[in-house]
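J.: Need a 3D model of the following:
(chains A and B)
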Amino acid sequence: MIMQTQYDEKKHVLTIQIEGRFDFSCHKAFKDAYSSVDSNCKFELDMTKVTYVDSSALGMLLLLRDYAGGDQGEIVLNNCNDAVEKILRIANFDRLFSLH
Amino acid sequence: MSLVSLNILIADDNPSDRLLLKAMLSGLGHNVDVAEDGLEAIEKFDPESTQLVCLDVVMPECDGLEAAIKIQEMSRGRFIPIVFLSGLSDTSSLVNCLKVGGSDFISKPYNLVLIAAKLDAIIRILTLQKRLEAQRDKLSSYNEQLIHEQEVAKVVYENITHSNCLSDPCLNTFFYGHHLFNGDVILAAYKPNGGMHLLIGDFTGHGLSAAIGALPLADIFFEWTRKGFLMRQIVPEINRRLKAILPADMFCSALFVDINITDKTLEVWNGGLPDALFFSQRQKKPQPLVSHNLPLGIVSESEFTYSTEIVGFEVGDSFLAWSDGIYEAIDSKGVMFSECQLNPLIEGRVDSDNLLPWLRRKLETEGVLDSAHDDISCLKIDLSDAIGVEQESSVSKIEELDTPSDFSFEYTLNAESLKNTDPLPYILQIIMTVSGLKHYSGQVFMMLSELYSNALEHGVLQLNSKLKATNDGFVLYYMERETRLSMLESGYIRIKVSISSNEVGGVLNIELEDSGVGFDTSQIKLKLEDSDELYNRGLPLLGQLCESIDFSDKGNRVGVQYQWDK
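T.: As a prediction, the model looks like this:
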């Protein structure tokens, strides 16, 4: 797992790019990544290179959602591959996050 | 044992070299013991106290190399450095010293500055080694503690799920977890009026933390089912409780099944598990029962959705569900086990008697069970209308004297309450205070629920049960029921209960009156054999249980009498 973050100060957007398996091993890096910015920031997750998500990754997404203020938060998941999107849809996470 | 002054053992057959080195090392502050050859060194070596061994390479009796091998055997896994003392300088004999496990050389003639520096280096290595050992010990005791805690949790969990009826012949399960205690649960409980509730769930993560939520889940599941609560009351309650106690990143993907044997329907609530499959003998392809809801424990009560699918079943149909471990599993080639591997199953090409063995074999041949990254649980139900019908009451059959009782009550529900409450568990609880009735709670609950659903569905909501006659009828019927109920503005159901009992038995009278228009009571068929339709079994069932059934007014009032003796 490799994680890179990029913060656009003008637009107030934090982009987190995750590569490889998105699972429990990402826990600390992922938490460090989003908590480095204000919670009212917009969060974009670049999922292009994510090959796999497990249920603890879904849990981490919920932690981020909590941090961003629940329903008020703005979290976008970009470019999920089919397998990843299927897992998110089975869990009906498209109701909690915007999938693009 | 101090690491500033070491316990050092020196073996050298040359007395002057031996004494010189002893003097030097003692001068540096170490405790030195000496031996005149390899044999004596082995005798004097004590793995508990010796911290460094210095061996001359060439000695009579037993040379340094042999002694080094023996001493290492005696060290029992401890790291005790061995330094060779040698006047030799050819490469091959020095290499031999290292090959048998030596850490370093001190060459003769001795140089005090060099020896002091080497001793410092050895002390640094020993310090590091000691720290590693301490960490290793800490880690292994921590691991032991963890395993112990998991064992405790497993016992607690098993105690709480002891009322599981997974051994019922209609159920088949297989289960594969790579942790001692994983986050998968399969729960099954008989409903008091026949039929069964089942839940297959998968908590986030693995191990102990994944199982924390299983305790309240099982608790609510068994307790509320036993008390006669309905699936649509139990599921939101589990969600509410899990949301309240679990941290934000933990939840439970789950599938709840209600087997209703009176209607012969299966109602499924799926929140986050892969499609379950319903195999009907009438159709080649199984019907997928899709996840329409978020998993349990994520959203609050107000956002929670209760979206279910209802199918009508016939004896011999079956149902198959599994936890998402199957999708998360990686096959032996390191490729994700993909859904297309399950195509024969999904397309109905697997014999319905063979579903579970087929799935198991598939997982085994793909190597999934060996390298599962998540826990895998599968559940198969062989559907029939006999499920949970003749169950021993869970109440212990301790013979106690029945205390006589004599009471009555009346309970009227108006439109708003009809929409939002299910009065039956509460009524049942009051009736069950009568000690002689405890063994008949199933029958009493069955009468109550038949009477109540008749009054609500055919009386207040004016639903025609002929709707159920067609293939999709059940689904339409329940959709219509939901719609009419949600739009209900007026109407009532009045329930009157009276009981009188003595030491040997008693009489229970239940009367229900609804605000409906009534019906032509002369058409009623009370005998089971008269009821050839599948959908009209409620009344004959009542007829079997009760002493008498009387309709009065225009058919919107019904009274039943139930008698029991010890």
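
J.: C-alpha only now, for contacts and for neighbours.
T.: OK.

J.: Can you tell me what sits against stretch B:114-128?
T.: The list of residues contacting stretch B:114-128 from outside it, by C-alpha atoms under 8 Å, 6 or more residues apart in numbering or on different chains, reads B:3, B:4, B:28, B:81, B:106.

J.: Which positions in chain A make contact with chain B?
T.: Taking C-alpha under 8 Å from any C-alpha of the partner chain, the part of chain A that reaches chain B is made up of A:24, A:54-56, A:58-63, A:66, A:90-93.

J.: Next, count neighbours for residue A:16.
T.: 20 (other C-alpha atoms under 10 Å in any protein chain shown).

J.: which stretch of helix or strand covers it?
T.: Using DSSP states H and E, the element containing residue A:16 is strand A:13-22.

J.: Show me what counts as buried in stretch B:263-278.
T.: B:263-278 (16 or more other C-alpha atoms under 10 Å in any protein chain shown).

J.: Restricted to strands, list the residues you listed.
T.: Using DSSP state E, the members of the buried residues of stretch B:263-278 that fall in strands are B:265, B:266, B:267, B:268, B:269, B:270, B:271, B:276, B:277, B:278.

J.: Please produce TSV containing the residues you listed, extended by pLDDT and distance to residue B:218.
T.: Shown next, in TSV, are those (pLDDT from 0 to 100; distance: C-alpha to C-alpha, whole Å):
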residue	pLDDT	distance to residue B:218
B:265	91	24
B:266	93	21
B:267	94	20
B:268	96	18
B:269	97	17
B:270	96	17
B:271	95	17
B:276	94	21
B:277	94	24
B:278	95	25
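
J.: Out of these, which is nearest to chain A?
T.: Distances from chain A to those, taken as C-alpha to the nearest C-alpha, are shortest for residue B:271 (6.6 Å).

J.: my guess is the closest one contacts residue B:297, does it?
T.: No. Using C-alpha atoms under 8 Å, residue B:271 and residue B:297 do not qualify as a contacting pair, with a distance of 10.4 Å.

J.: which residues does the residue in the stretch 251-400 of chain B that chain A sits nearest to contact?
T.: Nearest to chain A in the stretch 251-400 of chain B, going by C-alpha to the nearest C-alpha, is residue B:272, at a distance of 3.8 Å. Contact analysis of residue B:272 by C-alpha under 8 Å, 6+ apart lists A:90, A:91, A:92, B:253, B:254, B:255, B:291, B:292, B:293, B:294, B:295.

J.: Quick check: the two most widely separated of these?
T.: The largest distance within the contacts of residue B:272, taken as C-alpha to C-alpha, falls between A:92 and B:255 and amounts to 13.6 Å.

J.: How far off centre is the helix or strand harbouring residue B:128?
T.: Taking DSSP H and E as the definition, one finds residue B:128 inside helix B:112-160. Here helix B:112-160 is found 32 Å from its chain centre; the criterion is C-alpha atoms, centre = their mean, to the nearest Å.

J.: Tell me which residues of the next helix or strand after that helix come out buried.
T.: Next along the chain after helix B:112-160, taking DSSP H and E as the criterion, comes strand B:171-176. Residues of strand B:171-176 classed as buried by neighbour count (16+ other C-alpha under 10 Å): B:171, B:173, B:176.

J.: Straight-line length of stretch B:169-184, end to end?
T.: Taking C-alpha to C-alpha, to the nearest Å as the measure, stretch B:169-184 stretches 22 Å from start to finish.

J.: picking up where we left off before, could you say which of the contacts of stretch B:114-128 is surrounded by the most neighbours?
T.: residue B:81 (20 neighbours).

J.: what's the angle from the biggest strand by length in chain A to strand A:13-22?
T.: Assignment by DSSP E gives strand A:42-53 as the longest strand of chain A. Compare the direction of strand A:42-53 with that of strand A:13-22 by axes from the mean of the first three to the mean of the last three C-alpha atoms, to 10 degrees and you get 10 degrees.

J.: what stretches of chain B score poorly on pLDDT?
T.: Counting by pLDDT under 70, chain B shows low-confidence ranges at B:1-3, B:160-163, B:177-182, B:205-208, B:325-339, B:367-375, B:390-402, B:471, B:523-537, B:566.

J.: Show me where the stretch 251-400 of chain B has its strands.
T.: B:252-260, B:265-271, B:276-279, B:287-289, B:308-312, B:318-322, B:376-382 (DSSP state E, counting those that start in this stretch).

J.: Tell me which of those is the most buried.
T.: Of the strands of the stretch 251-400 of chain B, the one with the most neighbours on average (mean count of other C-alpha atoms under 10 Å in any protein chain shown) is strand B:252-260, at a mean of 26.

J.: these two touch, right, residue A:7 and residue A:34?
T.: No. Using C-alpha under 8 Å, residue A:7 is not in contact with residue A:34; the gap is 10.1 Å.

J.: where in chain A is pLDDT low?
T.: Filtered on pLDDT under 70, chain A yields the residue ranges A:1.

J.: just checking, what's the longest helix in it?
T.: Scanning chain A for the helix with the most residues, using DSSP state H, yields helix A:55-67.

J.: Output it in CSV with nothing but the alpha carbons.
T.: Coordinates of the C-alpha atoms in helix A:55-67 are reproduced here as CSV (Å, rounded to 0.1, in the frame of the first residue of the first chain):
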residue,chain,number,x,y,z
SER,A,55,-14.3,-4.4,5.5
SER,A,56,-11.8,-2.5,7.6
ALA,A,57,-11.3,-0.2,4.7
LEU,A,58,-15.0,0.5,4.7
GLY,A,59,-14.6,1.2,8.4
MET,A,60,-11.9,3.7,7.7
LEU,A,61,-14.1,5.5,5.1
LEU,A,62,-16.7,5.7,7.9
LEU,A,63,-14.1,7.2,10.2
LEU,A,64,-13.3,9.8,7.6
ARG,A,65,-17.0,10.5,7.1
ASP,A,66,-17.3,11.0,10.9
TYR,A,67,-14.4,13.4,10.9
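
J.: I appreciate the help and will end here.
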